[in-house]
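> My questions concern the predicted model and sequence given below.
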Amino acid sequence: MSEDKTNSADVRNDRVVTTTNGMPINEPFATQRVGKHGPLLLQDYTLIDNLAHFNRERIPERNPHAHGSGAFGYFEVTDDISDICGSAMFNKIGKRTRCLTRFSTVGGEKGSADSARDPRGFATKFYTEEGNLDWVYNNTPVFFIRDPSKFPHFIHTQKRNPQTNLKDANMFWDFLTTPENQVAIHQVMILFSDRGIPATYRNMNGYSGHTYKWSNKKGDWHYVQVHIITDQGIKNLTAEEATEVAGSNPDHAQQDLFDNIKKGNAPSWTVYIQTMTEDQAKRLPFSVFDLTKVWPHKDFPLRRVGKLVLNENPENYFAQIEQAAFAPSNTVPYQEASADPVLQARLFSYADAHRYRIGPNYHQVPVNCPYASKTFNPAIRDGPMNVNGNFGNESNYLATDKTYQYIQKERPIQEHQETWTGPAVPFHWATSAGDVDFVQARNLFHVLGRTRNQQQHLAHNVAGHVSNANPEIRKRVYAMFGRVDLRLSESIRKEAESLVVLKDNPTSKL
Ligand code: HEM
């Protein structure tokens, strides 16, 4: 085992097996007993050490995105974007920053199949000299909701029915067809198109989805969306192929990623940004903070920034991938969140999840340490499993008479900012009246029509899923897709209803 990669100074290199306190073990499988066949003795710490730690091997799985794979690599700057962003990671063409990317599915448990019809998570941690930056993205440019309070409800509909313990098409479609939730239609169209099941993690894109706010060193800022476009080309599985793969090799995407990196076939992605000024945002037909909408490429063209390359498999999955803790709140100077309410909620949610899943000192786990910048904040200390020396004898508060350094003065104060005014009111950002939340979904349907069979596949994929729901919910599904396109709705209805007849009378197939 190579010592530097495990990052643990306590691991012996001479391979002498020990108890956890370092005492050499003579015989790992001998247990202390009274006589050869008598009862065991409590004094046998070798046995107790072994059994007790085994009971504590698991940490809670992530609630969404439990199932995933990851790899290390680097981000390399290919183009100058200093007019948009002053972050140090972008300050020189050719500059490389070490990264970790974790890909995931969303709804399934840790042991679920890679080939689920589900968005894929695409989370990248950049170990920059200004701190760790996490881009916690998905493979779809939009999302199901724009009201963060809906997130637990929505995720629950993808989990198991509380009584039957089964995945439940009624729960799924009941939520999505509820009129106030139909704002999800754009994301639902993507999910049930062929892009809903990427063939591998290497063959899909990543998108910020959210609007971010990036600024340059002069203090000018832009709204920004990030696109991470696969260099391997997009490849997808059909619903039938996915079902087959789920049976024959449920971990096919994990294997594909690991094997390709191992044989030197490092996957890469080209990173682009779209930028928008505040004035342009005011003229949009939708809110720039609406996560269910994309920015038209013709108005906001892609601008190349760099390359993401994943060329190094983890040495240890648990240490480096299961314990990896990504959070949109992990950011660096000149890259900030916008007022998108879902993003704002995520700024709280992830670090909170890590405090529960890993512990309050999760940032001291080597894979999460900002090793390229280091930390110094001696007022944040103590807590369970504090392993970094806890700032020694530094005082546990910050005060003006100490010789601390603050570098804000080297960064421009952005005087021009968005201005927010208004009463504190409860606001539910449900589906808008009229058609506005269906326009981009309909445009997507037309785009699908440019490639052979794409519209048919969409209808087929929805029909297969919705045929498992009850009649009342099925009707709501047909009506919802009818708002996108009546032909689409009719194709879904026809196929779903004939599948229902088949399920009800299995012999009618014969
Ligand atoms: C209100 C909305 C959302 C909330 C509250 C939320 C919350 C969470 C939580 C609690 C986790 C598990 C974190 C952990 O235990 O380590 C997670 C994982 C994740 N979320 Fe979200 N999420 C939201 C929306 C989104 C959106 C819009 C995206 C993409 C644009 C996204 C991408 C991801 C990814 C990629 C992961 C997996 C990170 C990893 O690989 O560890 N989430 N989310």
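Happy to help now that I have it. Numbers count the residues shown, from 1 in each chain.
> By proximity to the ligand, which residue of this structure wins?
Closest approach between the chain and the ligand, counting by Cβ to the nearest ligand atom: G121, at 2.8 Å. Backbone N, C-alpha and C define where each C-beta goes, glycine included.
> Give the phi and psi angles for that residue, as a check.
Main-chain torsions, G121, degrees, to the nearest 10: phi -80, psi 150.
> what's the answer for V367, then?
phi -70, psi -20.
> Can you tell me the closest non-neighbouring residue to it?
Q320 (4.7 Å; Cβ to Cβ, 6 or more residues apart in numbering).
> what sits against the one you found?
Applying Cβ atoms under 8 Å, 6 or more residues apart in numbering, we find Q320 in contact with G70, F72, L100, P314, P366, V367.
> which non-adjacent residue is nearest the residue positioned nearest the centre of the chain?
Geometric centre of the chain, nearest residue: G121, 3.4 Å, by Cα atoms, centre = their mean. Among residues not flanking G121 along the chain, S104 sits closest, at 3.7 Å (Cβ to Cβ, 6+ apart).
> would you say S69 is within a strand?
Yes - counting by DSSP: H, G, I helix; E, B strand; the rest coil, S69 is located in a strand.
> Tell me if I'm right that it and Q254 touch.
Yes - if you go by Cβ atoms under 8 Å, S69 and Q254 touch, sitting 4.3 Å apart.
> Give me the more crowded residue out of those two.
The residue with more neighbours, out of S69 and Q254, is S69; 23 against 20, by other Cβ atoms under 10 Å.
> what bridges to that one?
According to DSSP bridges, the partner residues bridging S69 are F103.
> Lowest mean pLDDT among the helices and strands of the chain, which one is it?
Using mean pLDDT, DSSP states H and E, helix 3-6 stands out as the lowest-scoring helix or strand of the chain, at a mean of 49.
> Narrow the contacts of Q320 to those that are buried.
G70, F72, L100, P314, V367 (16 or more other Cβ atoms under 10 Å).
> and the protein, which residues reach the ligand?
62-65, 68, 102, 104, 121, 123, 136-138, 143, 148, 151, 209, 324-326, 342, 345-346, 349-350, 353-354, 357 (Cβ under 6 Å from any ligand atom).
> What's the PyMOL line that selects buried ones from those residues?
In PyMOL, this line selects whichever of these come out buried by 16+ other Cβ under 10 Å:
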select buried, resi 62+64+65+68+102+104+121+123+136+137+138+143+148+151+209+324+325+326+342+346+349+350+353+354+357
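> Could you pick out which of the residues of the chain next to the ligand are located in helices?
F151, V342, A345, R346, S349, Y350, A353, H354, R357 (DSSP state H).
> now those as CSV including pLDDT?
Output for these, formatted as CSV (pLDDT from 0 to 100):
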residue, pLDDT
F151, 98
V342, 98
A345, 98
R346, 98
S349, 98
Y350, 98
A353, 98
H354, 98
R357, 98
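> Now compare the residues you listed and name the two farthest from each other.
Taking Cβ to Cβ, the two most distant members of these are V342 and R357; they sit 20.8 Å apart.
> on that earlier part again, what about the residue of the chain closest to the ligand, distance to W135?
G121 sits at a distance of 11 Å from W135 (criterion: Cβ to Cβ, to the nearest Å).
> pLDDT score for R62?
Note on R62: pLDDT of 98.
> Find me whatever residue is spatially closest to it, sequence neighbours aside.
The nearest residue in space to R62 (Cβ to Cβ, 6+ apart) is R357, at 6.7 Å.
> quick one: that neighbour and H65 touch, right?
No - look at R357 against H65 with Cβ under 8 Å: they stay out of range, at 11.3 Å.
> didn't Q456 look like it was pressed against K494?
No - the pair Q456 and K494 does not pass the contact test of Cβ under 8 Å, sitting 11.5 Å apart.
> how does this structure divide up, domain by domain?
Per automatic domain parsing, the domain ranges recorded for the chain read 16-57, 68-181+195-368, 449-504.
> State the distance spanning the first to the last residue of the first one.
Across domain 16-57, the terminal residues are separated by 22 Å (Cα to Cα, to the nearest Å).
> Quote the end-to-end distance of stretch 79-89.
Using Cα to Cα, one end of stretch 79-89 lies 12 Å from the other.
> Give me the distance between it and the centre of its chain.
24 Å (Cα atoms, centre = their mean, to the nearest Å).
> try stretch 76-94
24 Å.
> Can you give me the buried ones in it?
Quick answer for stretch 76-94 (16+ other Cβ under 10 Å): E76, V77, I81, I84, C85, G86, S87, A88, M89, F90.
> Can you tell me how far E240 is from K150?
32 Å.
> got it, and R98?
Taking Cβ to Cβ, one finds R98 at 36 Å from K150.
> More neighbours: the two, which one.
K150 (20 against 15).
> which residues sit in contact with that one?
N181.
> Adjust the sequence numbering to begin at 456 for everything that follows.
Fine by me, first position is 456 from now on; the one you just mentioned is K605.
> List the buried residues of stretch 494-512.
T501, L502, D504.
> err, stretch 855-869, not the other one
Under 16+ other Cβ under 10 Å, stretch 855-869 has no buried positions.
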